[in-house]
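J.: here's my sequence, what's the structure:
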Amino acid sequence: MIRRYELTDEEWEKLRVLLPSGQMGRPREDDRRVLNGIVWKIRSGATWRDIPNRYGPWQSVYTRFRRWALDGTFTRMLQALQAEADARGDIDWLVAVDSTIVRAHQHAAGAKKGDQAPASHPITPSDDPEGD
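T.: Predicted coordinates:
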């Protein structure tokens, strides 16, 4: 049974080949179980310590997350999946940037009442920053 936030078999097969191989030393937690724990943590927004026990000890999940983040594993996964989707024509690389500027009212920007020159105090040439 696939639980909420867990990888499907198809997703796992695509990601499995992109993970670093096991290291020497003590036996490590199952990669799929740990990756499901990482996905659960990120998708749920919970703290590391709140990861359910079914994903293994939270320290192991966190350690693997940090290791994979630092060694570029997640970046390589993203690049490989993007390349695959691009080859299928599933990605539209068109990017639009909107450079519209909308000016806010002076009070919306945090100006306090009285920060303006009072109407009874006209700006004189010595007060004019442009010197006109």
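
J.: gap between residue 43 and residue 3?
T.: From residue 43 across to residue 3, the span is 11 Å (C-beta to C-beta, to the nearest Å). Glycine gets a C-beta too; all of them are placed from N, C-alpha and C.

J.: residue 101 too?
T.: 46 Å.

J.: how far away is residue 14 from residue 103?
T.: As judged by C-beta to C-beta, residue 14 and residue 103 stand 48 Å apart.

J.: more crowded one of the two?
T.: A count of neighbours by other C-beta atoms under 10 Å puts residue 14 above the other of residue 14 and residue 103, at 14 against 7.

J.: helix/strand/coil for the spatially closest residue to that one that is not a sequence neighbour?
T.: Distances taken as C-beta to C-beta, 6 or more residues apart in numbering put residue 81 closest to residue 14, at 6.9 Å, once the chain neighbours are dropped. At residue 81 the chain is in helix, as set by DSSP: H, G, I helix; E, B strand; the rest coil.

J.: what about residue 81, how many neighbours?
T.: A count of neighbours around residue 81, defined by other C-beta under 10 Å, yields 15.

J.: picking that back up, so residue 101 and residue 3 - more neighbours on which side?
T.: Legend: neighbour count by other C-beta under 10 Å for residue 101 and residue 3, higher for residue 3 (9 against 5).

J.: does that one sit in a helix, a strand or a coil?
T.: Quick answer, by three-state DSSP: residue 3 is coil.

J.: again, but for residue 93
T.: Three-state assignment for residue 93 (three-state DSSP): coil.

J.: ok, it - contacts?
T.: Applying C-beta atoms under 8 Å, 6 or more residues apart in numbering to residue 93 gives the contacts residue 86.

J.: next, it: phi, psi?
T.: phi -90, psi 10 (degrees, to the nearest 10).

J.: what number of residues lie near residue 63?
T.: Using other C-beta under 10 Å, residue 63 is surrounded by 15 other residues.

J.: separation between it and residue 69?
T.: Separation of residue 63 from residue 69 (C-beta to C-beta): 11 Å.

J.: can you pull the pLDDT of residue 122?
T.: Note on residue 122: pLDDT of 57.
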